[in-house]
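**Q** Okay, sequence plus prediction incoming.
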Amino acid sequence: MSSEEVQEGKEQQPRRPSRFYAVRTLGGREIDVALMLENRAKEMGFDIRSIIVLPKVKGIVLVEAPASFIVAEAIRGIPYARSIAPGYIAPEEVAKVLKGEREIRIKVGQVVEIISGPFRGTRARVERVNPDKREVEVVILDASYNLRTTLPVESVRPLREEEHGA
């Protein structure tokens, strides 16, 4: 058998589609689990195609494999790996998460509503936007004095654009 025939044989076998499975881990031990899982996959020849640790998500490691039983077998005995979450995540959804942070659409001078935290439900005007930290500095409009606070961008929702006052 020539090497060309071997190559053709490999091409004839269709590769099973990948799915992403969420492996629950002990919080703060995601990287440890990912490294141990990588070593085990190499040693034992599991068909694990990628392992993703999302920096802002605690207690979850995403594992790309053709089937959940492969992931279940691979994590068996890993100290900080707990279980596999039911179901799978489509590759398109993972791509959206990995694509990057969403653009900050809040501008200085804009009136926003605070949607989480102790000031939830109050209106505020944006004084400064820090895209590196994904934070906004706002002045609470419903307060009787000039109350400034810094909030995560995800904690505010734009109401209307405004340049001066409330």
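**A** Ah, there it is.

**Q** following the helix or strand of the chain with the lowest mean pLDDT, which helix or strand comes up?
**A** Ranked by mean pLDDT, DSSP states H and E, the weakest helix or strand in the chain is helix 3-12, scoring a mean of 50. Reading on from helix 3-12 to the C-terminus, the next helix or strand found by DSSP states H and E is strand 19-25.

**Q** Report all helices and strands that that next one contacts.
**A** helix 30-44, strand 60-65, helix 68-75, strand 81-84, helix 91-98 (3 or more Cβ pairs under 8 Å, 6 or more residues apart in numbering; DSSP states H and E). In short, each C-beta sits where N, CA and C put it, glycine included.

**Q** ok now do the residue nearest to residue 26 when sequence neighbours are not counted, which residues does it touch?
**A** Distances taken as Cβ to Cβ, 6 or more residues apart in numbering put residue 80 closest to residue 26, at 4.3 Å, once the chain neighbours are dropped. Residue 80 is in contact with 25-26, 29, 32-33, counting by Cβ atoms under 8 Å, 6 or more residues apart in numbering.

**Q** No further questions, thank you.
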